[in-house]
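A.B. asks: only geometry, no sequence info:
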């Protein structure tokens, strides 16, 4: 049965890109119809969620940190070993923000940006279209309906922030977003791009309805699946992006009333034995055996450009100097990793690191543990730390618009609670006392960068909504060849992949110059 349902899902993706009539003869409708709510639940778990088993050639990569390459959190190290030339070349166009990043002349189509989210949306649509046609427990049926609505809106939230301008830029009612594919029915119609406003309206509609359905029809499940608390946390994030500070605060309050726990990194062993530290760096805030701050989280591999290099040499792309400087707080990596002399514990427990001869460098965020994986890996989702930061920023932004000492106090409380669980008690200035509005906002921006790096595309989405600042990447295969690439405002929206444009002539390409 599950195999036949999966066949059905394979037909869906071309609906978004263009006509799929020639696919229809491959599988009969009688062969693919699910019969129970449990069948649909299995489809959700197998294909609705991104997972390392179902992503094929992309299965070892992390679909939720793919935009890190565009940010100031990543640097280019060039090609230190001939065997690494392929990895350098594979991401050069993305690292340089080139228009051809998703063309054959550039880095080639990266399915994680367009195809994978729409595949997930397609599976969600199948489930929604069949839920009322199958037998099964009604509480489970309505809970799954809510779960699927939230998951679909989560995918649309990422897509519109990949391929549409930020919500707070210009007129979202005119700016183009992404196509809203909301049914699984076979059609010859090629979809047009909806506006950013239309996409956000659909996100809020689905996410709010899904949140209510899951609350009203409770089902016990683990943090690997989206539940009502995750939906509330996601709504807080969406309203933050829309600059609706009051609703962002309200949903953050809802989450933190139920779960305000933060993992105290000070309680994890810091040691001078580098081999032990290297074992420990996998255990962190998304390790379900260790952390209660997970609201929703699932395991994924790291992205290939940040992978451990199993040969002498340095990865072509790794964590930037500016991010390292914020983490290290004036200390050397040798002192932190080998002597345990650390102020910000995230420097150890949020990253994988590697020693190459006399050079030690951190190469990728690592916030969970995946048993059996041979390289740095990660969990992705949403957790209480982000919710604290959402509420802190919302209060700080309210204070910037309407100065109020109570807003400042509440923002500082949230900020300092988080810092107390990340920085050692001996750290100078751990407890912030800031009254100036812009300075407070800047402190929250720094804390978001440190806390959420490499996690669900947060840094790229933050840079977009914070004014799309100019970023300079030094790019080159050799140190002598390094040249600056400059990110401009228009390049904060990604080009629609060439493959998608070829399949659907109604799609309009983004103008990035």
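C.D. replies: Received, thanks. From a predicted model like this one, the values you see are computed outputs, not experimental measurements.
A.B. asks: quick one, strands of the stretch 1-150 of the chain?
C.D. replies: Per DSSP state E, counting those that start in this stretch, the stretch 1-150 of the chain carries strands over the ranges 74-76.
A.B. asks: which residues of it score low on pLDDT?
C.D. replies: Counting by pLDDT under 70, the ranges of the stretch 1-150 of the chain that qualify are 1-32, 51-63, 106-109.
A.B. asks: just the stretch 251-400 of the chain next, same as before
C.D. replies: Ranges of the stretch 251-400 of the chain meeting pLDDT under 70: 269-283, 301-312, 337-338, 353-363, 369-378.
A.B. asks: where do the helices sit along it?
C.D. replies: 274-280, 321-328, 333-339, 346-349, 384-401 (DSSP state H, counting those that start in this stretch).
A.B. asks: Okay, buried residues for the last one please.
C.D. replies: This points to helix 384-401. Residues of helix 384-401 classed as buried by neighbour count (16 or more other Cβ atoms under 10 Å): 384-399. In short, each C-beta sits where N, CA and C put it, glycine included.
A.B. asks: Report the distance from it to the chain centre.
C.D. replies: Centroid separation for helix 384-401 versus its chain: 19 Å, with Cα atoms, centre = their mean, to the nearest Å.
A.B. asks: Ok, which of the helices of the stretch 251-400 of the chain comes nearest residue 260?
C.D. replies: Proximity to residue 260, assessed across these by Cβ to Cβ, is greatest for helix 384-401 (6.4 Å).
A.B. asks: on contacts alone, who are the packing partners of the following helix or strand past that closest one?
C.D. replies: The helix or strand immediately downstream of helix 384-401 is helix 405-420, counting by DSSP states H and E. Applying 3 or more Cβ pairs under 8 Å, 6 or more residues apart in numbering; DSSP states H and E, one finds that helix 405-420 contacts helix 384-401, helix 437-452.
A.B. asks: what phi and what psi does the backbone show at residue 465?
C.D. replies: Per-residue torsions, residue 465: phi -80, psi -10 (degrees, to the nearest 10).
A.B. asks: Please give the number of neighbouring residues around it.
C.D. replies: Each residue near residue 465 was counted by other Cβ atoms under 10 Å, and the total is 17.
A.B. asks: Tabulate the helices and strands packed on helix 405-420 (TSV), appending distance to residue 134.
C.D. replies: Formatted as TSV, the helices and strands packed on helix 405-420 follow (distance: least, Cβ to Cβ, whole Å):
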stretch	distance to residue 134
helix 384-401	35
helix 437-452	39
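A.B. asks: mind checking which of those helices is nearest residue 156?
C.D. replies: helix 384-401 (19.1 Å).
A.B. asks: Surely residue 93 touches residue 104?
C.D. replies: No. Between residue 93 and residue 104 there is no contact under Cβ atoms under 8 Å: 11.0 Å.
A.B. asks: of the two, who's got more company?
C.D. replies: More crowded of residue 93 and residue 104, by other Cβ under 10 Å: residue 93, with 19 against 10.
A.B. asks: so residue 455 touches residue 364, yeah?
C.D. replies: No. Counting by Cβ under 8 Å, residue 455 does not reach residue 364; the two are 11.7 Å apart.
A.B. asks: Settle it for me: which of these two has more neighbours?
C.D. replies: In this view residue 455 and residue 364 are compared by other Cβ under 10 Å, and residue 364 has more residues nearby, 29 against 26.
A.B. asks: That one contacts residue 317, correct?
C.D. replies: No. Residue 364 lies out of contact with residue 317 (Cβ under 8 Å); the separation is 9.5 Å.
A.B. asks: Would you quantify the distance from the closest residue to residue 113 other than its chain neighbours to residue 422?
C.D. replies: Among residues not flanking residue 113 along the chain, residue 162 sits closest, at 5.6 Å (Cβ to Cβ, 6 or more residues apart in numbering). Using Cβ to Cβ, to the nearest Å, residue 162 is found at 29 Å from residue 422.
A.B. asks: swap in residue 383?
C.D. replies: In terms of Cβ to Cβ, residue 383 sits 13 Å off from residue 422.
A.B. asks: For these two, indicate the residue with more neighbours.
C.D. replies: Comparing residue 383 with residue 422 by other Cβ under 10 Å, the one with more neighbours is residue 383, at 30 against 25.
A.B. asks: OK, contacts around the closest residue to that one other than its chain neighbours?
C.D. replies: Excluding the flanking residues, the one nearest residue 383 by Cβ to Cβ, 6+ apart is residue 293, at 4.7 Å. Going by Cβ atoms under 8 Å, 6 or more residues apart in numbering, residue 293 touches 259, 261, 262, 263, 285, 383, 384, 385.
A.B. asks: Now for the residues you listed: which two are most distant?
C.D. replies: 259 and 285 (13.3 Å).
A.B. asks: out of those two, which sits in the busier spot?
C.D. replies: residue 285 (26 against 16).
A.B. asks: quick one: that one and residue 448, what's the gap?
C.D. replies: Applying Cβ to Cβ to residue 285 and residue 448 gives a distance of 14 Å.
A.B. asks: re earlier: residue 121: which of the helices of the stretch 251-400 of the chain is closest?
C.D. replies: helix 384-401 (23.3 Å).
A.B. asks: Check which helix or strand residue 166 maps to.
C.D. replies: With DSSP H and E as criterion, residue 166 is part of no helix or strand.
A.B. asks: and the spatially closest residue to it that is not a sequence neighbour, what is it in contact with?
C.D. replies: With sequence-adjacent residues excluded and distances taken as Cβ to Cβ, 6+ apart, residue 166 is closest to residue 464, at 4.4 Å. Residues near residue 464 by Cβ under 8 Å, 6+ apart: 161, 165, 166, 169, 492.
A.B. asks: Which one (most neighbours) among these?
C.D. replies: Busiest of those [other Cβ under 10 Å] is residue 161, holding 25 neighbours.
A.B. asks: Report the separation between that residue and residue 99.
C.D. replies: Distance from residue 161 to residue 99, counting by Cβ to Cβ: 19 Å.
A.B. asks: rewinding a little: tell me which of the helices and strands packed on helix 405-420 sits nearest to residue 418.
C.D. replies: helix 384-401 (5.1 Å).
A.B. asks: Which strands or helices does that closest one pack on?
C.D. replies: The contact analysis (3+ Cβ pairs under 8 Å, 6+ apart) places helix 384-401 against helix 228-241, helix 245-258, helix 405-420, helix 437-452.
A.B. asks: again, only this time at 10 Å
C.D. replies: Judged by 3 or more Cβ pairs under 10 Å, 6 or more residues apart in numbering; DSSP states H and E, helix 384-401 is in contact with helix 228-241, helix 245-258, strand 294-301, helix 405-420, helix 437-452, helix 458-465.
A.B. asks: Could you tell me the least trusted of those?
C.D. replies: The stretch with the lowest mean pLDDT among these is strand 294-301, at a mean of 84.
A.B. asks: Could I get the buried residue list for that one?
C.D. replies: Applying 16+ other Cβ under 10 Å to strand 294-301 flags 294, 295, 296, 297, 298, 299, 300, 301 as buried.
A.B. asks: Stretch 474-492 too?
C.D. replies: Quick answer for stretch 474-492 (16+ other Cβ under 10 Å): 475, 476, 477, 485, 487, 491, 492.
A.B. asks: could you say what helices and strands the longest helix along the chain packs with?
C.D. replies: In the chain, assigned by DSSP state H, the helix with the most residues is helix 138-163. The contact analysis (3+ Cβ pairs under 10 Å, 6+ apart) places helix 138-163 against helix 37-43, helix 115-130, helix 196-216, helix 228-241, strand 294-301, helix 458-465.
A.B. asks: redo that, cut-off 7 Å
C.D. replies: Helices and strands touching helix 138-163, by 3 or more Cβ pairs under 7 Å, 6 or more residues apart in numbering; DSSP states H and E, are helix 37-43, helix 115-130, helix 196-216, helix 228-241.
A.B. asks: Mean neighbour count and distance to residue 502 for those - can I get that in CSV?
C.D. replies: Putting these into CSV (neighbours: other Cβ atoms under 10 Å; distance: least, Cβ to Cβ, whole Å) gives the following:
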stretch, mean neighbour count, distance to residue 502
helix 37-43, 21, 29
helix 115-130, 23, 13
helix 196-216, 20, 23
helix 228-241, 25, 31
